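Kindly generate the corresponding structure for this input.
(one chain, ligands or ions: 2)
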Amino acid sequence: MENNKISIETDVIGIVFPTYYETLGGLPLIVRRFVKKLENIESKYIFAICTYGGASVTAIKCLEKLINSQGGKIRAGFTVNMPSNMAGPNLNNTKKQEKMFDVWNKNLDYISEFVKNRKEGIFDTDNVLFGRAYLLLKLIYSPLMFIFKPSTLKQLKKYSSASLPYEQQLPLMDRSFSTNKKCNGCGTCSKICPVNNIKIIKDSPSWQHHSSLRILLSMLSLVS
Ligand SMILES: Cc1cc2nc3c(=O)[nH]c(=O)nc-3n(C[C@H](O)[C@H](O)[C@H](O)COP(=O)(O)O)c2cc1C
Ligand code: SF4
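Ligands and ions are numbered 1, 2, ... in the order given. Below is the predicted model:
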């Protein structure tokens, strides 16, 4: 991610990512940034596996659009339900989780064979019906979004003063993050953060809104 361009030598590229904010497209910002750096992908066999906690209908489509704009094509796409690291009904339900992992093991065999044989097709491996219903609902729901904005958009507005597109506003959401006295300042969050966004200051995490600052600076051509 430090490089401006990413060139992949192998013929096959697999992009495995979680759904983040389905209401805003579902593709995590870091995945968007990664794909925008890819070059010479025209002839590659690109497949995507998108995990989700509740529903993922648009994330692979978003990725597909982005990859097309880079000159490539997703040959195979799959969605896979996971327990979800957000609060949800499956988070502490071990039985439900085990069932999900069983389904995943079966999906994995199927996906491996599919990719090994370079087959093509975009699949909702386990939420076809829900996906269609969701798209239909979204059609009806979209005009209402102007009146009843989703909570994510409201949060963005609350914590960001700039009227930037959401891609650039999203990192500003860390303004709403905080810890409580259960935090022991161990620094794990800082070590594992993939965008280097957490500094431990006085034994407590401090969120840096790095990514958005970098974007603003790059818009002003101060950094590449
Ligand atoms: C910030 C954030 C936003 C998320 N948004 C969605 C969402 O809109 N829809 C959804 O199905 N899952 C959502 N998830 C859940 C992740 O997709 C899920 O945690 C991920 O696929 C990995 O599964 P796991 O946590 O069980 O490993 C979100 C998770 C986070 C952290
Ligand atoms: S420093 Fe980070 S990982 Fe460690 S306890 Fe506090 S919030 Fe959790």
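
ok but Met173 is inside a helix, no?
Yes - according to DSSP: H, G, I helix; E, B strand; the rest coil, Met173 belongs to a helix.

Neighbours of it, how many?
Residues within reach of Met173, counting by other Cβ atoms under 10 Å, total 19. The way it works is simple: take the backbone N, C-alpha and C, and place the C-beta from them, glycine included.

Could you check how far it is from ligand 2?
The gap separating Met173 from ligand 2 is 16 Å, by Cβ to the nearest ligand atom, to the nearest Å.

Distance-wise, check that residue relative to Cys62.
Met173 is 19 Å from Cys62, where distance means Cβ to Cβ, to the nearest Å.

Then Phe17?
For Phe17, the distance to Cys62 (Cβ to Cβ) stands at 11 Å.

hey, what's in contact with both of those two?
Listed contacts common to Phe17 and Cys62 are Leu27; contacts here mean Cβ atoms under 8 Å, 6 or more residues apart in numbering.

Let me see the ranges of the strands in this structure.
Assigned by DSSP state E, the strands in the chain fall at 6-7, 12-18, 38-39, 45-52, 74-81, 121-122, 198-201, 204-207.

Note down every partner strand of the fifth one and its orientation.
According to DSSP bridges, strand 74-81 forms sheet pairs with strand 45-52 (parallel), strand 121-122 (parallel).

Would you tell me which one of the ones you listed is buried the most?
Among these, strand 45-52 has the highest mean neighbour count (mean count of other Cβ atoms under 10 Å), at a mean of 21.

Any residue of that strand touching ligand 1?
Yes - Strand 45-52 comes into contact with ligand 1 (Cβ under 6 Å from any ligand atom), by way of Thr51, Tyr52.

ok now that strand, how far from the chain's centre?
Distance of strand 45-52 from the chain centroid (Cα atoms, centre = their mean, to the nearest Å) equals 11 Å.

Now do that strand, average pLDDT.
Average pLDDT, strand 45-52: 94.

List every C-alpha atom in it, with coordinates, as PDB.
Coordinates of the C-alpha atoms in strand 45-52 are reproduced here as PDB (Å, rounded to 0.1, in the frame of the first residue of the first chain):
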ATOM      1  CA  TYR A  45      -8.000 -14.300 -13.800                       C
ATOM      2  CA  ILE A  46      -9.400 -12.200 -10.900                       C
ATOM      3  CA  PHE A  47     -11.600 -13.700  -8.300                       C
ATOM      4  CA  ALA A  48     -13.200 -12.200  -5.200                       C
ATOM      5  CA  ILE A  49     -14.500 -13.600  -1.900                       C
ATOM      6  CA  CYS A  50     -16.500 -11.200   0.200                       C
ATOM      7  CA  THR A  51     -17.400 -12.200   3.700                       C
ATOM      8  CA  TYR A  52     -20.300 -10.500   5.500                       C
END
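
I'd like the strands paired with strand 74-81 as JSON lines, with distance to Val12 appended.
Shown next, in JSON lines, are these (distance: least, Cβ to Cβ, whole Å):
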{"stretch": "strand 45-52", "distance to Val12": "5"}
{"stretch": "strand 121-122", "distance to Val12": "16"}
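
Out of the ones you listed, flag the one nearest Leu29.
Nearest to Leu29, of all the strands paired with strand 74-81, is strand 45-52, at 14.8 Å by Cβ to Cβ.

List the contacts of the closest one.
11-19, 22, 26, 56, 59-60, 63, 67, 72-82, 84, 111, 114-115, 118, 127.

List only buried entries from the residues you listed.
For the contacts of strand 45-52, a neighbour count by 16 or more other Cβ atoms under 10 Å gives the buried set as 13, 15, 17-19, 22, 26, 56, 59-60, 63, 67, 72, 74-81, 84, 111, 114-115, 127.

Much appreciated, bye for now.
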